[in-house]
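In: Based on what follows, work out the 3D shape:
(one chain, ligands or ions: 1)
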Amino acid sequence: MNILYLSSEAVPFAKTGGLGDVAGVLPRLLAQSANVSLMLPDYMTESIKGSGALVVDRFPLTVGTQDFEAVVKKTVCAPGFSVYFIANDLLFGREGLYGDAAGDYGDNFIRFLFFQKAVMEHVRREQLSFDIIHCNDWQTALVPLFVNMEPRPESLRRVKTVFSIHNLGYQGIFPAAAFAESELPGHLFSAEYLEFYGNLNCMKAGIIFSDRLLTVSPTYAREIVGAEKGFGLDGLLAKFSSKLSGILNGVDYSLWDPRNDPFIEHRYSAAALAGKKKNKQALYKELAIAAAVDSPLLVMISRISAQKGVDLLLELLPALLQEDLHFIFLGVGDRAWTGELGDVAGRFPQRMTFLNCFDEKLAHRLEAAADMLFMPSSYEPCGLNQIYSLRYGTVPVVRATGGLEDSVQEFDPQTRQGTGFKFKGSDAAGVLAVIRRALRMFADRDLWRKLQENGMGMDFSWERVVPHYFDLYKKMLSEDAQHV
Ligand code: ADP
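Out: The predicted structure follows:
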């Protein structure tokens, strides 16, 4: 099977969030049983520069009214696994992937249209043959449409497309003028196709024109066909619900496991948990936090955005910080909330530390040091930190939504089954009550240890997930055979 996997980010080359984690591991594992090509924009990060990729193609490409040069670089990372970087200095040689401190880049539509057109053109020029093209999020959502447009490259005549929605909150919505730059047939700018309240909506293309739709958890797949979590696309998604399903993301335990995590000072496991407390001591020393190491440490590692429940957090923080605990927030994002978080941390320095940066090493060290992870996301397609937390013996306290619902089981002190604590509503008092219940449980060392062990024993490895992707691909290809 030949698979083309398209993503706007992938670890270790470029990452802003969960998509980067997924695209960093899934294609690599698929390549153990198939030929996989991963194509990404060339952001000129240090790891892309150090990848050893060589130029294999270059061609002029007109996007809208502008002429660009597309340069295609390729490196073979493992047998059957090639990574391609689509380069253009002007479009991708920037500080951020999608924006900088001032916000999203104003030309993001052109940037990712360029990327997708360059992918199609390179495939056509080299006659690269694929059975499956797997697209992810709005940055690659036009490809299923391009594939369906004539003239279809000969090498893609029988290709099937999958479109994965990692976050419906980001649909790639641009003013109507962007549609003209796309040079797509005019009839596609209608409510039935890509138009969305007078604007162009890129994600609609992926939803409508792909052969299969995926999201990153079964619960999120059910939620997005409803008005509350559908971001205005619930009607469209409901219409295509027969091709929609959810597969919970896995975790790369070669990167996220306290038994072999290179970023943490003291390795530990469920059988030998002592290192966890030592990591907390080391972290407090490193960050000059004057908190008692025996008191609980609650952390959040998160983008600062409405999705992540930062408004709810700010509402309950004054009461939460009265408890005997320390709270650390690691994250970057929305400026207004960043300011507020900084203010609260400034007012309660004994109780709260705000780390306003994106720092992978710190994320690992927090997972290893913390007793609990808080994820009050208003919606969460999958969420990865709670799954990392389980392996680190860091008990998740989460909203019962999307992938949080699917990956955390409520702990029952009677049966001693379960891995964390969940809440449903968004009233601060109710959420506080759940955190307080977790804090009470923390005081019972024996019970807490059992809870940690339950989580640490869970297996969310990608190796268990990958067969579900192959099942889907094979099903799609066999359906194709029936039509022929
Ligand atoms: P999303 O993709 O919606 O941001 P996920 O939970 O799926 O949320 O994935 C977030 C990923 O980004 C995790 O790997 C998490 O550790 C990482 N992350 C988020 N914020 C930071 C940060 N400030 N520093 C380091 N890593 C971060």
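In: switch to C-alpha atoms for all contacts and neighbour counts from now on
Out: Noted.
In: Residue 372: what's it in contact with?
Out: 296, 297, 298, 299, 394, 395, 396, 397 (Cα atoms under 8 Å, 6 or more residues apart in numbering).
In: same thing with residue 325?
Out: Each residue near residue 325 by Cα under 8 Å, 6+ apart is listed here: 295, 296, 297, 298, 351.
In: now do residue 264
Out: 258, 279, 364, 365, 368.
In: Likewise for residue 9?
Out: Neighbours of residue 9 in contact, by Cα under 8 Å, 6+ apart: 15, 16, 19, 20, 23, 40, 41.
In: looking at the residues you listed, which has the most residues close by?
Out: Of all those, the highest neighbour tally under other Cα atoms under 10 Å goes to residue 41, namely 31 neighbours.
In: What's the separation between it and the ligand?
Out: Distance, residue 41 to the ligand, by Cα to the nearest ligand atom, to the nearest Å: 18 Å.
In: re the thing from before, give me the subset of the contacts of residue 264 lying in helices.
Out: Applying DSSP state H to those, the entries found in helices are 279, 364, 365, 368.
In: Out of the residues you listed, the closest to residue 204 would be?
Out: Within the ones in helices among the contacts of residue 264, the smallest distance to residue 204 is 35.9 Å, found for residue 364 (Cα to Cα).
In: dump the residue contacts of the closest one.
Out: So, once contact is read as Cα under 8 Å, 6+ apart, residue 364 ends up touching 256, 261, 263, 264.
In: The first one: how many residues sit nearby?
Out: Other residues near residue 256 come to 21 when the count uses other Cα under 10 Å.
In: ok, the closest residue to it other than its chain neighbours - how many residues close by?
Out: Leaving aside its sequence neighbours, residue 256 sits nearest to residue 388 (Cα to Cα, 6 or more residues apart in numbering; 6.3 Å). Burial measure for residue 388: 27 neighbouring residues, criterion other Cα under 10 Å.
In: I'd guessed residue 388 sits against residue 250; true?
Out: No. Using Cα atoms under 8 Å, residue 388 makes no contact with residue 250, being 9.9 Å away.
In: pull the longest strand from this structure.
Out: Selection of the longest strand in the chain by residue count, based on DSSP state E, yields strand 66-78.
In: Can you give the distance of that one from its chain's centre?
Out: Centroid displacement of strand 66-78 relative to its chain, using Cα atoms, centre = their mean, to the nearest Å, is 24 Å.
In: Which pLDDT value goes with residue 150?
Out: You'll see residue 150 listed with a pLDDT of 85.
In: before we move on, what about residue 483?
Out: So residue 483 comes in at 46 (pLDDT).
In: now do residue 302
Out: 96.
In: And the nearest residue to it once chain neighbours are set aside, how close does it get to the ligand?
Out: Sequence neighbours aside, residue 331 is the residue nearest to residue 302 in space, at 5.1 Å (criterion: Cα to Cα, 6+ apart). Taking Cα to the nearest ligand atom as the measure, residue 331 falls 3 Å from the ligand.
In: and what of residue 192?
Out: Per Cα to the nearest ligand atom, residue 192 is found 29 Å from the ligand.
In: For residue 431, list the residues it contacts.
Out: Contacts of residue 431 by Cα under 8 Å, 6+ apart are 423, 425.
In: Put the buried members of the contacts of residue 325 into a PyMOL selection.
Out: The PyMOL selection below is limited to those of the contacts of residue 325 classed as buried (16 or more other Cα atoms under 10 Å):
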select buried, resi 296+297+298+351
